[in-house]
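A.B. asks: no FASTA, just this:
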């Protein structure tokens, strides 16, 4: 089982998402991986309870992180790692969705609408 730095074990789709990230040929910087793991571990029980694929889990995590940053007006330099992590979640979500291939255009449209709505 993968465990984030905070020591909270990952379960369900969050664990599957982190395993998918770790299996990528290009390893990510340790600080980014730690932030992604922490964010996945912090998914609410309601968000984690719904069965979903890796791409959906990564997108939910990215949207949650971006919403937190925007809600707390954290968009300056000190939030750079979190902004990078939010971007990485969305990018990886589309990479995972592309592996499946089915319905990627509709997934992209829905994601764009959901992310745009975060800006208010």
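C.D. replies: Received it, and whenever you're ready, just let me know what you need. These numbers were taken from a predicted model, which means no experiment stands behind them. Residues are numbered from 1 along each chain as shown.
A.B. asks: surely residue 66 meets residue 115?
C.D. replies: Yes - counting by CB atoms under 8 Å, residue 115 is a contact partner of residue 66 at 6.9 Å. (Each C-beta comes from the backbone N, C-alpha and C, glycine too.)
A.B. asks: mutual contacts of the two, please.
C.D. replies: Common contact partners of residue 66 and residue 115 (CB atoms under 8 Å, 6 or more residues apart in numbering): none.
A.B. asks: more neighbours, those two?
C.D. replies: For residue 66 versus residue 115, the count of surrounding residues by other CB atoms under 10 Å is larger for residue 66: 21 against 16.
A.B. asks: can you tell me the closest non-neighbouring residue to the more buried one?
C.D. replies: residue 86 (4.3 Å; CB to CB, 6 or more residues apart in numbering).
A.B. asks: how many residues are close by that neighbour?
C.D. replies: Residue 86: 26 neighbours (other CB under 10 Å).
A.B. asks: in the helix or strand where it lies, which residues are buried?
C.D. replies: Assigned by DSSP states H and E, residue 86 belongs to helix 80-100. For helix 80-100, burial by neighbour count (16 or more other CB atoms under 10 Å) applies to 82-86, 88-90, 92-94, 96-97.
A.B. asks: so which residues make contact with it?
C.D. replies: 20-21, 28, 31-32, 35-36, 39, 53-56, 58-59, 61-62, 65-66, 68-69, 74-75, 104, 107-108, 111, 115.
A.B. asks: let's see that with 7 Å instead.
C.D. replies: 20-21, 31-32, 35-36, 39, 54-55, 58-59, 61-62, 65-66, 69, 74-75, 104, 107 (CB atoms under 7 Å, 6 or more residues apart in numbering).
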